[in-house]
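Undergrad: predicted model and sequence follow; I will ask about them next.
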Amino acid sequence: MRNLKANLLVSTILLLSLVVLGFAQKNTNGSDPPRRLALQIGLNTPMTVNAGNEGSTLKAYLRIPSDANGESRDSAVKLEPKMVGNNLEVKVTTLSGDTSAVKSCTDWAKLNVSNVTSYTLKEGEEVTISKLPDLGSNFKDGKLTFRAVGAIALQARTVEPCCASCGGSTCCPGVGNCLSCGGCGSLCC
């Protein structure tokens with residue numbers, strides 16, 4: 001009986017030691033997951049869009065107002081922020097065509113696309129795109145600027161994969177949907 005208790009005690013101690021050692025090894029070998037970033041767009045009311053994870057794409061669409069003659073070469077700017085390691089990769093394109101009937105992701109996809117450029121940013125870095133002409137009154141100083149910031153976290157949730165904020169509103173359209181966000185622009189997931 002004593003031998004059985006001693007064997008059981010030794011086995012339990014060995015098992016607990018292995019479990020503790022396993023967790024300690026995991027913590028020293030495993031690196032912290034990369035900090036999720038977001039793209040803060042320099043509009044008159046700034047818009048912040050969470051970056052997509054590697055393999056998923058989020059798209060922010062910003063309409064460009066017509067000039068004084070009612071003309072605009074481009075109708076909108078599309079920004080696609082996504083995480084690549086610890087960095088934020090942003091693809092910038094312009095869209096041309098009639099945006100008055102755009103209500104869904106597929107409607108945006110029907111417009112003509114022109115690639116502009118792409119950037120890879122670290123948290124805190126900011127970019128002003130000089131390749132685009134004056135984009136109008138929606139854009140701060142008429143230029144497209146953006147910077148990498150920490151992702152938007154919601155109250156009861158951790159970081160939502162597809163959310164944006166603008167002027168105090170938080171918009172989370174859900175995968176496969178588009179949603180206008182606080183008058184800043186539209187977000188499609």
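TA: Thanks, I have it. Numbering: from 1, shown residues only.
Undergrad: skipping its backbone neighbours, what lies nearest residue 53 in space?
TA: Across the structure, with CB to CB, 6 or more residues apart in numbering as the measure, the residue nearest residue 53 apart from its sequence neighbours is residue 83 (5.7 Å). Every C-beta, even on glycine, is put in place using the N, C-alpha and C of the backbone.
Undergrad: contacting residues around the one you found?
TA: 34, 36-37, 51-54, 89 (CB atoms under 8 Å, 6 or more residues apart in numbering).
Undergrad: how close does the spatially most central residue of the chain sit to residue 39?
TA: Central residue check for the chain by CA atoms, centre = their mean: the C-alpha nearest the mean position is that of residue 51, 1.6 Å away. Noted for residue 51: a distance of 6 Å to residue 39, by CB to CB, to the nearest Å.
Undergrad: overlap in contacts, those two.
TA: Counting by CB under 8 Å, 6+ apart, the residues touching both residue 51 and residue 39 are 81, 88.
Undergrad: what residues are up against the closest residue to residue 147 other than its chain neighbours?
TA: Among residues not flanking residue 147 along the chain, residue 126 sits closest, at 3.7 Å (CB to CB, 6+ apart). Applying CB under 8 Å, 6+ apart to residue 126 gives the contacts 145-147.
Undergrad: how about the helices in the protein?
TA: Assigned helices in the chain, in chain order: 2-29, 105-109 (criterion: DSSP state H).
Undergrad: worst mean pLDDT among the ones you listed?
TA: In terms of mean pLDDT, the lowest-scoring of the helices of the chain is helix 2-29 (a mean of 47).
Undergrad: check the residue nearest to residue 53 and give its pLDDT.
TA: With respect to pLDDT, residue 83 has a value of 91.
Undergrad: show me the beta-bridge partners of it.
TA: Taking DSSP bridges as the rule, residue 83 bridges to residue 88.
Undergrad: now do it against residue 121, distance only.
TA: 11 Å.
Undergrad: which stretches of this protein form strands?
TA: 37-41, 47-50, 59-63, 76-84, 87-96, 112-121, 126-129, 144-150, 164-166, 169-171, 178-181, 185-188 (DSSP state E).
Undergrad: where does the chain have low pLDDT?
TA: Low-confidence segments of the chain, defined by pLDDT under 70: 1-34, 67-72, 154-161.
Undergrad: that older thread, which one (most neighbours) among the contacts of residue 126?
TA: Ranked by the number of neighbours (other CB atoms under 10 Å), the contacts of residue 126 place residue 146 first, at 27 neighbours.
Undergrad: residue 90 is in contact with that residue, correct?
TA: Yes: between residue 146 and residue 90 there is a contact under CB atoms under 8 Å: 6.8 Å.
Undergrad: who touches both of the two?
TA: Between them, residue 146 and residue 90 share these contacting residues under CB under 8 Å, 6+ apart: 39, 79, 127.
Undergrad: who wins for neighbours among those?
TA: residue 39 (26 neighbours).
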